[in-house]
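In: need coordinates for the below:
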Amino acid sequence: MALQLKNALAKLRRDEEGATLVEYGIALGLAVTLGAGALLTLSGDVSSTMGKASGALNSIEGGTETDTTGSTGGTT
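Out: Numbers count the residues shown, from 1 in each chain. Next comes the predicted model:
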């Protein structure tokens with residue numbers, strides 16, 4: 001029994017397929033983590049920009065133009 005266990009453990013040490021699978025799992029986890037972090041970081045900027053664009057389009061529809069800073073159009 002002990003000899004069979006020793007042989008099985010030696011075979012697992014020589015087999016690198018499991019190690020490759022673990023490496024792919026780590027790489028996938030890292031990619032998902034970085035992607036989620038990037039989305040969370042950019043979400044505020046994208047939301048702000050889309051809000052400004054929506055406000056500009058709504059004001060053009062209503063007949064008054066505003067720039068992206070929110071001030072009303074006109075000459076200064």
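
In: which strands or helices does the biggest helix by length in the chain pack on?
Out: When the chain is parsed with DSSP state H, its longest helix is helix 17-62. The contact analysis (3 or more CB pairs under 8 Å, 6 or more residues apart in numbering; DSSP states H and E) places helix 17-62 against no helix or strand. Just so you know, the C-beta spots here come from the backbone N, C-alpha and C atoms, and that holds for glycine as well.

In: so how far is it off the chain centroid?
Out: 4 Å (CA atoms, centre = their mean, to the nearest Å).

In: and residue 12, how far from residue 1?
Out: Shown here: residue 12 relative to residue 1, a distance of 17 Å by CB to CB, to the nearest Å.

In: which of the two has more neighbours?
Out: For residue 12 and residue 1, the more surrounded residue by other CB atoms under 10 Å is residue 12, and the numbers stand at 9 against 5.

In: and that one, what element?
Out: If you go by DSSP states H and E, residue 12 is part of helix 2-14.

In: and that helix, what's buried?
Out: Within helix 2-14, no residue counts as buried by 16 or more other CB atoms under 10 Å.

In: mind checking the pLDDT average for it?
Out: Averaged across helix 2-14, pLDDT comes to 80.

In: low-confidence ranges in the chain?
Out: Judged by pLDDT under 70, the chain has its weakly predicted residues at 17-18, 62-76.

In: for residue 42, see how far away the one residue sitting closest to the centre of it is.
Out: Central residue of the chain (CA atoms, centre = their mean): residue 35, 2.6 Å from the mean position. Distance, residue 35 to residue 42, by CB to CB: 11 Å.

In: right, I'll call it a day here.
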